[in-house]
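1. Kindly return the folded structure for what I paste below:
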Amino acid sequence: MTGFAALKGHHGPHGWTWDIRAVNARGLDVRLRVPDWIEGLEGDVRKAVTGAVTRGNVSVALRVLRESDEGIVALNPAALARSLALLAEVSHAAEAKGLALAPPSAADITTMRGVLETRVSEDDTAPLRAALVAQLPELLASFNDMRAREGAALEAILTDQIDQIEALTAQATAAIDGRAEAQAEGLRTALMRVMDNTDGADADRVAQELALIAVKTDIREELDRLRAHVAAARGLLTGSEARGRKLDFLMQEFNREANTLCSKAQFAELTGIGLDLKAVIDQMREQVQNVE
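-> Numbering: from 1, shown residues only. As a prediction, the model looks like this:
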């Protein structure tokens with residue numbers, strides 16, 4: 001579920017930079033840092049992200065800068081009319097005094113107070129918002145491409161761990177016969193010890209009790225379930241839908257069977273296999289947290 005992507009864009013006087021990154025999580029938690037002066041943008045971004053991502057702590061940051069704050073220089077018709085009228089009065093007054101004045105140039109007139117003004121336009125954020133939203137698919141595609149590359153490497157790791165679990169399950173199945181012989185010998189020894197030290201003991205009843213102990217230590221069902229879980233895990237890895245939550249649940253089931261196998265083992269070889277199973281399952285459970 002880890003991933004990162006960044007993207008730059010430009011629209012009119014505005015430039016921006018997107019930054020999206022994700023880390024592991026059991027569910028989906030989207031955190032946004034976008035300008036609140038762009039009306040409606042946060043809702044659009046959240047909708048796009050939740051449509052493209054189903055698991056992980058996802059942080060999206062957007063920085064928007066206005067590339068020019070100089071505004072728009074424009075002619076003020078009213079101020080121009082006043083300035084021209086003032087120049088005409090000055091010219092007439094000078095003529096009345098017998099003075100000849102050089103005619104003012106256009107540059108001279110534009111420097112007069114108020115003739116030119118700088119207007120800072122009030123931005124309509126709808127076009128900017130549309131440009132930002134239009135870039136989201138590209139940003140999320142880049143983000144998911146990185147996650148897909150990591151996912152391919154992770155799939156190989158998980159496949160290897162499933163192979164290990166399958167191999168250990170097969171070893172446990174093969175070890176059952178050896179344990180059966182050891183248990184039979186142990187039962188015979190226990191029965192002889194009971195019969196030698198207990199007056200009037202019912203041999204059939206003792207045999208029944210010892211057989212019950214053997215039934216309680218049977219691990220065939222656990223091994224059958226482990227094989228079923230292995231098949232289910234392989235199916236999830238080859239599927240195309242989001243599978244992180246299902247694999248997370250499956251790891252709990254793997255762990256439950258391994259724990260039961262260890263508690264029922266009563267045989268050194270099986271105990272060792274059970275501990276190896278628990279180690280691999282624990283490693284796999286950590287990796288599954290990275291799966292969406």
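2. What mean pLDDT does the host helix or strand of D224 get?
-> Using DSSP states H and E, D224 sits in helix 220-238. Averaging pLDDT along helix 220-238 yields 90.
3. what do you get for stretch 7-19?
-> Stretch 7-19 comes out at a mean pLDDT of 92.
4. what's the span of it, first residue to last?
-> Using CA to CA, to the nearest Å, the end-to-end distance of stretch 7-19 comes to 7 Å.
5. Bridging across strands, which residues link to N57?
-> V23, D29 (DSSP bridges).
6. just checking, it touches R26?
-> No - assessed by CB atoms under 8 Å, N57 is found out of contact with R26, at 9.8 Å. Placement of C-beta: from N, CA and C, glycine included.
7. Now do the domain split for the protein, please.
-> Per automatic domain parsing, the structural domains of the chain span 3-68+127-146, 72-119, 147-288.
8. Need the ones you listed in JSON lines (columns: mean neighbour count).
-> Shown next, in JSON lines, are the domains of the chain (neighbours: other CB atoms under 10 Å):
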{"stretch": "domain 3-68+127-146", "mean neighbour count": "16"}
{"stretch": "domain 72-119", "mean neighbour count": "11"}
{"stretch": "domain 147-288", "mean neighbour count": "15"}
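9. circling back: immediately after the helix holding D224, which helix or strand?
-> With DSSP H and E, the next secondary element past helix 220-238 is helix 244-265.
10. Quick one: mean pLDDT for that next one?
-> 89.
11. immediately after that helix, which helix or strand?
-> helix 268-288.
12. helices or strands up against that following helix?
-> Contact here means 3 or more CB pairs under 8 Å, 6 or more residues apart in numbering; DSSP states H and E; on that basis helix 268-288 packs against helix 125-197, helix 244-265.
13. Who are the packing partners of the longest one?
-> Applying 3+ CB pairs under 8 Å, 6+ apart, one finds that helix 125-197 contacts strand 3-11, strand 14-23, helix 41-52, strand 56-66, helix 203-216, helix 220-238, helix 244-265, helix 268-288.
14. And the contacts of the helix or strand hosting A107?
-> Secondary structure from DSSP H and E places A107 in helix 106-110. Outside of helix 106-110, the residues within contact range by CB atoms under 8 Å, 6 or more residues apart in numbering are 75, 80, 83-84, 87, 115-116.
15. which ones among those are found in strands?
-> 75, 116 (DSSP state E).
16. got the contacts of helix 106-110 as TSV, with pLDDT and distance to L101 columns?
-> Listed next are the contacts of helix 106-110 as TSV, based on pLDDT from 0 to 100; distance: CB to CB, whole Å:
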residue	pLDDT	distance to L101
L75	81	24
L80	86	19
S83	87	15
L84	87	14
L87	85	9
V115	82	19
L116	78	23
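17. quick one: G244 and L154, what's the gap?
-> 11 Å (CB to CB, to the nearest Å).
18. got it, and K47?
-> 28 Å.
19. Phi, psi for the residue lying farthest from the centre of the chain please.
-> Counting by CA atoms, centre = their mean, the extreme residue of the chain relative to its mean C-alpha position is G98, 85.8 Å from that point. With angles defined as degrees, to the nearest 10, G98 sits at phi 80, psi 20.
20. Ok, which of the helices and strands packed on helix 268-288 comes nearest V280?
-> helix 125-197 (4.8 Å; CB to CB).
21. now that closest one and helix 220-238, what's the angle there?
-> Counting by axes from the mean of the first three to the mean of the last three CA atoms, to 10 degrees, helix 125-197 lies at 160 degrees to helix 220-238.
22. How far away from the center of its chain is helix 125-197?
-> 20 Å (CA atoms, centre = their mean, to the nearest Å).
23. Averaged pLDDT, that helix. What do you get?
-> pLDDT averaged over helix 125-197 gives 83.
24. got the angle between that helix and helix 268-288?
-> Using the same axes, to 10 degrees: helix 125-197 against helix 268-288 is 170 degrees.
25. what residues does the helix holding D224 touch?
-> Looking at what lies outside helix 220-238 - CB under 8 Å, 6+ apart - the contacts are 155, 158-159, 162, 165-166, 169, 172-173, 176, 243, 246-247, 250, 253-254, 257-258, 260-261, 264, 277.
26. before we move on, what about stretch 153-161?
-> By CB under 8 Å, 6+ apart, stretch 153-161 touches 233-234, 237, 280, 283-284, 287-288, 290-291.
27. same thing with stretch 85-102?
-> Counting by CB under 8 Å, 6+ apart, 104, 109 sit against stretch 85-102.
28. I'd like the C-alpha coordinates of that stretch written as PDB, please.
-> The C-alpha coordinates for stretch 85-102 follow below in PDB (Å, rounded to 0.1, in the frame of the first residue of the first chain):
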ATOM      1  CA  ALA A  85      -9.500  69.000 -19.200                       C
ATOM      2  CA  LEU A  86      -7.000  70.200 -16.700                       C
ATOM      3  CA  LEU A  87      -4.300  70.300 -19.400                       C
ATOM      4  CA  ALA A  88      -6.600  72.400 -21.600                       C
ATOM      5  CA  GLU A  89      -7.200  74.900 -18.800                       C
ATOM      6  CA  VAL A  90      -3.400  75.200 -18.200                       C
ATOM      7  CA  SER A  91      -2.800  75.700 -21.900                       C
ATOM      8  CA  HIS A  92      -5.500  78.400 -22.200                       C
ATOM      9  CA  ALA A  93      -4.200  80.200 -19.100                       C
ATOM     10  CA  ALA A  94      -0.600  80.100 -20.400                       C
ATOM     11  CA  GLU A  95      -1.800  81.500 -23.800                       C
ATOM     12  CA  ALA A  96      -3.600  84.300 -22.000                       C
ATOM     13  CA  LYS A  97      -0.300  85.300 -20.400                       C
ATOM     14  CA  GLY A  98       1.500  85.100 -23.700                       C
ATOM     15  CA  LEU A  99       3.300  81.900 -22.900                       C
ATOM     16  CA  ALA A 100       3.700  79.000 -25.300                       C
ATOM     17  CA  LEU A 101       3.800  75.500 -23.800                       C
ATOM     18  CA  ALA A 102       5.100  72.400 -25.400                       C
END
